[in-house]
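In: Got a predicted structure plus its sequence, pasted below:
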Amino acid sequence: GRTAGQVITGKRSKSVSVEEVKKAIDRCLRLYLSEDEILFILKQKLEVEESFGALILAKLKEQNPAYFEAYLLRVRIKDQINAFNYLVSEQAQQMQRLSRAKAEWARTSSARVSSGSVDWRWRNRLE
């Protein structure tokens with residue numbers, strides 16, 4: 001394919017074709033990655049400069065505005081689902097901690113009651 005640009009990594013440079021970058025972007029789109037995530041992947045995997053990756057992505061957006069509008073909506077929904085799942089997981093962990101704390105409190109309270117350390121007046125109020 002055409003050489004899109006030189007990518008300098010340390011002391012060497014690497015040629016990357018526009019087609020290689022487009023294919024990588026396509027793989028990222030299938031995973032509903034955000035624009036920042038796509039640019040990060042391009043930099044990490046293909047050693048593409050962020051400005052070059054952003055340019056190709058901008059051209060693709062320009063050629064397919066309706067697709068990218070719907071795509072960005074899907075990415076936001078994916079992010080909301082991930083945030084919701086995280087919060088549900090956190091709530092479940094908090095509920096487990098609370099349940100363990102209640103069980104521990106009940107165990108230690110019953111030990112104090114059975115040892116006679118609780119005044120009879122308090123026992124009557126608890127019943």
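Out: Sure, I can see it. Just so it is clear, the structure is predicted and the values come from calculations on it, not from any experiment.

In: So which other helices or strands are in contact with the helix or strand harbouring residue 21?
Out: Counting by DSSP states H and E, the element that carries residue 21 is helix 18-30. Judged by 3 or more Cβ pairs under 8 Å, 6 or more residues apart in numbering; DSSP states H and E, the packing partners of helix 18-30 are strand 3-9, helix 35-45, helix 50-63. Where C-beta positions appear, they are placed from N, C-alpha and C, glycine not excepted.

In: Surely residue 74 and residue 34 touch.
Out: No: if you go by Cβ atoms under 8 Å, residue 74 and residue 34 don't touch, sitting 10.9 Å apart.

In: So between those two, which is more surrounded?
Out: Ranked by neighbour count (other Cβ atoms under 10 Å), residue 74 and residue 34 place residue 34 first, with 14 against 11.

In: what's near enough to touch that one?
Out: 75, 79 (Cβ atoms under 8 Å, 6 or more residues apart in numbering).

In: Please tell me how far it sits from residue 96.
Out: Distance, residue 34 to residue 96, by Cβ to Cβ, to the nearest Å: 32 Å.

In: Can you tell me the closest non-neighbouring residue to residue 45?
Out: residue 24 (6.5 Å; Cβ to Cβ, 6 or more residues apart in numbering).

In: Give the burial count for that neighbour, as a bare number.
Out: Counted with other Cβ under 10 Å, the neighbours of residue 24 add up to 19.

In: if I read this right, it contacts residue 40, doesn't it?
Out: No: contact between residue 24 and residue 40 fails when scored by Cβ under 8 Å: they sit 11.5 Å apart.

In: Nearest residue to the middle of the chain?
Out: What sits nearest the mean C-alpha location of the chain, by Cα atoms, centre = their mean, is residue 82, with 6.2 Å.

In: need the contact list for the residue nearest to residue 33 when sequence neighbours are not counted.
Out: Leaving aside its chain neighbours, residue 33 sits nearest to residue 41 (6.9 Å; criterion: Cβ to Cβ, 6+ apart). Taking Cβ under 8 Å, 6+ apart, we find residue 41 in contact with 24, 28, 33.

In: Thank you kindly, that will do.
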